[in-house]
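1. sequence? don't have it. structure:
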């Protein structure tokens, strides 16, 4: 059973940056698609970004394109989400997740507990 643990969340001023990490244990994520989702209070869960097992494919929500970058280090069994130019609308709990294949990137089989991102205006 793969377990995912996010870290790197916190409070940042609008325009600032944060780097989220997602560390996996209990198994290798090297063959999985990794993704990030977020959920703000009173809102539905929102897809943020995904990256294929070798980094060859990436996808971003329109709301974060050009500001967020997803990456991974399979040797470290860790995924990352670099978030720049943060806006108050980016505030949410961010979850990392793993899917078995790129074509299933919206149907994750593993998900972390989330890390809070707060953006002050």
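-> In hand now; what should we look at? Only a predicted model underlies this, so the values are computations on that prediction, with no experimental measurement involved.
2. Hmm, residue 82 is touching residue 68, no?
-> Yes. Assessed by CB atoms under 8 Å, residue 82 is found in contact with residue 68 at 6.6 Å. In short, each C-beta sits where N, CA and C put it, glycine included.
3. Compare the two (neighbour count), which wins?
-> Neighbours were tallied for residue 82 and for residue 68 using other CB atoms under 10 Å; the higher tally belongs to residue 68 (21 against 14).
4. What residues are bridge-paired with the nearest residue to the more buried one once chain neighbours are set aside?
-> Nearest in space to residue 68, with sequence neighbours left out and distances taken as CB to CB, 6 or more residues apart in numbering, is residue 83 at 5.1 Å. With DSSP bridges applied, residue 83 shows beta-bridge pairing to residue 18, residue 68.
5. ok, residue 83 - contacts?
-> Listed by CB atoms under 8 Å, 6 or more residues apart in numbering, the contact partners of residue 83 are 17, 18, 19, 20, 64, 67, 68, 90, 117.
6. switch the cut-off to 7 Å
-> With contacts defined as CB atoms under 7 Å, 6 or more residues apart in numbering, the neighbours of residue 83 are 17, 18, 20, 67, 68, 90.
7. Isn't residue 34 up against residue 52?
-> No. Counting by CB atoms under 7 Å, residue 52 is not a contact partner of residue 34; they are 8.5 Å apart.
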